[in-house]
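**Student:** Structure here, sequence nowhere to be found:
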């Protein structure tokens, strides 16, 4: 960077240093109905995508990392985690999500309640003009931004104090949205364009997933709950040992039906739903299992293995290269690996429905892999990877066979068994003069 450019940037930082807005003072502008300015000329497929809005668009300048951290540090980390978790659940489970009136009233309208010091009056004026003109097309709250803030709260939130109001969280979201794309600045600049694209697709693929709940549960059960058809883990004793190492005396089936499955259904159907019976994602472990016949101590121990204290999660971020030099999280994944935050002894908060969904997929895979490595430190990882590939392939075959049963005319070709000499591909579909080859790539 040239000296003149460095000087110009430093002057800009000094010019904008200090508090931007004060959200602790109420300001009412009355009730307004605003017209959407959405682009009506987009291809229909693009209507499923929305651009999030940043502080620079709303206030005329971006929120620096130092300013965002300063705001986070002013509020209780526990209260902040509670409020952000509730917002994540509301965005996920409210019909129409971020486009719903429920979410707009909670995240967009509070921007009109912001007040400012005299030196920031122009920023406040611009923000009100922008919000009043674009209210129906503004998107602030989405899963990635909320997750980013949750990680930042765990890093920088105050040990005590009050929970943030809606206006404060809206302010945080605007600031966070301006930093989400910075994750690939360095060292990714040295990577190829293809590598950067692949990394970006993996990153965005973590968020805003809304699968069919029943299909998700059935698929997970059929893949992870049935022993592989061949290999070392196909032996009954070996599979039983792996189950015990991964899930204790509960085993996969009891863990899935009594712990993970119900938690997933609660998170995807009830958390964040206004006036719902399980709106809050805060779970008191002893109460949660008090009405069941399960072995409570073992069930609680397994659920705690999906939970982390603040110190645990900070350690994950600090040792896992999930921090930027400016103090902000770097594409953080700690809450994907550990979706529940322990806020009190035996009290946990689910960070988001999407984080719980991850446990149905890579969470179970990782639990099995870790158990296999404990049983066989030298070859356990390879044994599990190979077996998992077979488990997925045989699940694919089961689906194909079910289609054949329901629709005999379907042109589905399967080999006699996986890997047999007559195999063309895992699953082959023939329709007229077209052929589709399906191959699973989940093995070692």
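**Tutor:** Structure received. Keep in mind it's a predicted model, so treat the numbers as computed, not measured. Numbering: from 1, shown residues only.

**Student:** Give me the local confidence score for residue 258.
**Tutor:** Looking at residue 258, its pLDDT reads 87.

**Student:** Neighbours of it, how many?
**Tutor:** 18 (other C-beta atoms under 10 Å). The C-beta positions use only the backbone N, C-alpha and C, and glycine is treated the same way.

**Student:** next one: phi and psi at it?
**Tutor:** phi -110, psi -20 (degrees, to the nearest 10).

**Student:** Distance check, the closest residue in space to it that isn't next to it in sequence against residue 248.
**Tutor:** Using C-beta to C-beta, 6 or more residues apart in numbering and skipping residues adjacent in sequence, the residue nearest residue 258 is residue 294, 4.9 Å away. Separation of residue 294 from residue 248 (C-beta to C-beta, to the nearest Å): 12 Å.

**Student:** Over to residue 436?
**Tutor:** Using C-beta to C-beta, we find residue 436 at a distance of 42 Å from residue 248.

**Student:** Residue 365 too?
**Tutor:** As for residue 365, its distance to residue 248 is 18 Å (criterion: C-beta to C-beta).

**Student:** re earlier: please say which of residue 436 and residue 248 ends up with more neighbours.
**Tutor:** A count of neighbours by other C-beta under 10 Å puts residue 248 above the other of residue 436 and residue 248, at 17 against 11.

**Student:** didn't that one look like it was pressed against residue 301?
**Tutor:** Yes. Counting by C-beta atoms under 8 Å, residue 301 is a contact partner of residue 248 at 6.8 Å.

**Student:** All the helices of the stretch 1-150 of the chain, residue numbers only.
**Tutor:** Counting by DSSP state H, counting those that start in this stretch, the stretch 1-150 of the chain has helices at residues 3-15, 55-59, 65-72, 77-93, 101-107, 121-134, 143-156.

**Student:** Need those in JSON lines (columns: distance to residue 390).
**Tutor:** Formatted as JSON lines, these follow (distance: least, C-beta to C-beta, whole Å):
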{"stretch": "helix 3-15", "distance to residue 390": "56"}
{"stretch": "helix 55-59", "distance to residue 390": "50"}
{"stretch": "helix 65-72", "distance to residue 390": "46"}
{"stretch": "helix 77-93", "distance to residue 390": "34"}
{"stretch": "helix 101-107", "distance to residue 390": "43"}
{"stretch": "helix 121-134", "distance to residue 390": "53"}
{"stretch": "helix 143-156", "distance to residue 390": "33"}
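
**Student:** Between these, which has the poorest mean confidence score?
**Tutor:** When I compare the helices of the stretch 1-150 of the chain, helix 3-15 is least confident, with a mean of 42.

**Student:** Can you name every helix or strand that the lengthiest helix in the chain contacts?
**Tutor:** Criterion DSSP state H: the longest helix present in the chain is helix 380-406. Here helix 380-406 touches helix 213-224, helix 364-375, strand 412-413, strand 427-431, going by 3 or more C-beta pairs under 8 Å, 6 or more residues apart in numbering; DSSP states H and E.

**Student:** count of residues packed around residue 291?
**Tutor:** By other C-beta under 10 Å, neighbour count at residue 291 equals 7.

**Student:** pretty sure it belongs to a helix, no?
**Tutor:** No. Counting by DSSP: H, G, I helix; E, B strand; the rest coil, one finds residue 291 to be coil, located in no helix.

**Student:** on that earlier part again, quick one: the helices and strands packed on helix 380-406 as JSON lines, columns for mean pLDDT and mean neighbour count too.
**Tutor:** Listed next are those as JSON lines, based on pLDDT from 0 to 100; neighbours: other C-beta atoms under 10 Å:
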{"stretch": "helix 213-224", "mean pLDDT": "92", "mean neighbour count": "16"}
{"stretch": "helix 364-375", "mean pLDDT": "95", "mean neighbour count": "18"}
{"stretch": "strand 412-413", "mean pLDDT": "87", "mean neighbour count": "18"}
{"stretch": "strand 427-431", "mean pLDDT": "87", "mean neighbour count": "15"}
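
**Student:** Nearest to residue 308 among these would be which one?
**Tutor:** helix 364-375 (14.4 Å; C-beta to C-beta).

**Student:** and the angle from the closest one to helix 213-224?
**Tutor:** 20 degrees (axes from the mean of the first three to the mean of the last three C-alpha atoms, to 10 degrees).

**Student:** quick check: angle from helix 364-375 to helix 380-406?
**Tutor:** Going by the same axes, to 10 degrees, helix 364-375 makes 140 degrees with helix 380-406.

**Student:** elements contacting helix 364-375?
**Tutor:** Counting contacts by 3+ C-beta pairs under 8 Å, 6+ apart, helix 364-375 is packed against helix 213-224, helix 236-247, helix 380-406.

**Student:** swap the cut-off to 10 Å and go again
**Tutor:** helix 213-224, helix 236-247, helix 251-255, helix 380-406 (3 or more C-beta pairs under 10 Å, 6 or more residues apart in numbering; DSSP states H and E).

**Student:** what residues does the first one touch?
**Tutor:** Under the criterion C-beta atoms under 10 Å, 6 or more residues apart in numbering, residues 209, 211-212, 246, 252-253, 256-257, 260-261, 264-265, 267-269, 357, 359-361, 363-365, 367-368, 388, 391-392, 394-396, 398-399, 442 lie in contact with helix 213-224.

**Student:** circling back: ok, which of the helices and strands packed on helix 380-406 comes nearest residue 80?
**Tutor:** Nearest to residue 80 among those is helix 364-375; the distance by C-beta to C-beta comes to 27.7 Å.

**Student:** By average pLDDT, which secondary structure element in this structure comes out worst?
**Tutor:** Scoring the helices and strands of the chain by mean pLDDT, DSSP states H and E places helix 3-15 at the bottom, with a mean of 42.

**Student:** Next up, the contacts around the nearest residue to residue 358 once chain neighbours are set aside.
**Tutor:** Closest residue in space to residue 358, ignoring its immediate chain neighbours: residue 336 at 5.1 Å, by C-beta to C-beta, 6+ apart. Residue 336 is in contact with 147, 206, 207, 351, 352, 354, 355, 357, 358, 359, 362, 363, counting by C-beta under 10 Å, 6+ apart.

**Student:** Export those as TSV, with columns for distance to residue 432.
**Tutor:** Below are these laid out as TSV (distance: C-beta to C-beta, whole Å):
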residue	distance to residue 432
147	45
206	38
207	39
351	48
352	44
354	40
355	44
357	37
358	40
359	42
362	38
363	41
